[in-house]
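Novice: Sequence and predicted model, in that order:
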Amino acid sequence: MKKKLVVVLIFGASLVLAACGSSDSPATASKFNKQDVTFAQQMIPHHRQAVEMAQLAETRASSPEVKSLALAIESAQDPEINKMTGWLKGWNKPVPDDSMSGMDHGSSGTMTGMMTDSEMTSLTGATGTAFDTMFLTMMIKHHQGAITMANDELASGKSADALALAKAIKSAQTSEISTMQGLLKK
């Protein structure tokens, strides 16, 4: 099971990294629309929260599979944050500040899958098996929200780079959801 999980995680991360190649060129920066900006501005704090959740697993998770999955999530999403930040700067659009990752977006309806402040507090206070179950359950919801956002981008976006990232996010996070659902059944 461990080897299969690692292979799935590495494959998913490689898909995301391949789709995120170096595409910050000014030639592509001019071809974007409002949906591309919305996608980047919402996905940045969404990813920041996922990274925050993943970092908690290092000291709180008991399952090596959960720790490995969390590391893969962090390793994939940190570069994506940097990529989207570069796009927004190139498009002369505001970049969400770091403080947004801790905001209670779960009840605002603007970013699906975001954990509320209360949920994040509960996750922070959990350890061991309780943390593992809470992390997996919350991250499934979080990934489902990211997939919804990616689908919105795929339906209405214009930027080839943003569309490629949305496709990669959808693919990688769909795979990770399957892995997490399997871990919850253990």
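Specialist: Good, I have the coordinates.

Novice: use CA for all of it now, contacts and neighbours both
Specialist: OK.

Novice: shaky segments in the chain?
Specialist: 1-30, 99-110 (pLDDT under 70).

Novice: where along it do the helices fall?
Specialist: 2-19, 26-29, 34-60, 64-90, 117-125, 128-156, 160-184 (DSSP state H).

Novice: To residue 98, which of those helices lies closest?
Specialist: Closest of the helices of the chain to residue 98 is helix 34-60, at 7.5 Å (criterion: C-alpha to C-alpha).

Novice: what is the orientation angle of the closest one with helix 64-90?
Specialist: Angle, helix 34-60 to helix 64-90, by axes from the mean of the first three to the mean of the last three C-alpha atoms, to 10 degrees: 150 degrees.

Novice: Tell me the buried residues in helix 34-60?
Specialist: Judged by neighbour count using 16 or more other C-alpha atoms under 10 Å, the buried positions of helix 34-60 are 35-57, 60.

Novice: if I pick residue 135, what's in contact with it?
Specialist: 53, 57, 123 (C-alpha atoms under 8 Å, 6 or more residues apart in numbering).

Novice: out of those, who's nearest residue 93?
Specialist: For the contacts of residue 135, the nearest to residue 93 is residue 53 (27.0 Å; C-alpha to C-alpha).

Novice: sorry, back to before: looking at the contacts of residue 135, which is nearest residue 146?
Specialist: Using C-alpha to C-alpha, these come closest to residue 146 at residue 53, 14.5 Å.

Novice: and the gap between the closest one and residue 136?
Specialist: 10 Å (C-alpha to C-alpha, to the nearest Å).

Novice: Not counting sequence-adjacent ones, nearest residue to the residue nearest the centre of the chain?
Specialist: Nearest to the mean C-alpha position of the chain, counting by C-alpha atoms, centre = their mean, stands residue 47 at 4.0 Å. Leaving out its chain neighbours, the residue that sits closest to residue 47 by C-alpha to C-alpha, 6 or more residues apart in numbering is residue 77, at 6.0 Å.

Novice: That neighbour: neighbouring residues, count only.
Specialist: 23 (other C-alpha atoms under 10 Å).

Novice: what does the one 10 residues further on give?
Specialist: Residues contacting residue 87 under the criterion other C-alpha under 10 Å number 28.

Novice: next one: the one 5 residues further on
Specialist: Neighbouring residues of residue 92 were enumerated by other C-alpha under 10 Å; the total is 10.

Novice: can you check the one 4 residues further on too?
Specialist: The burial metric for residue 96, expressed as a neighbour count using other C-alpha under 10 Å, is 16.

Novice: Can you name the residues that contact the closest residue to residue 173 other than its chain neighbours?
Specialist: Excluding the flanking residues, the one nearest residue 173 by C-alpha to C-alpha, 6+ apart is residue 143, at 5.8 Å. Contacts for residue 143 (C-alpha under 8 Å, 6+ apart) come out as 113, 173-174, 177.
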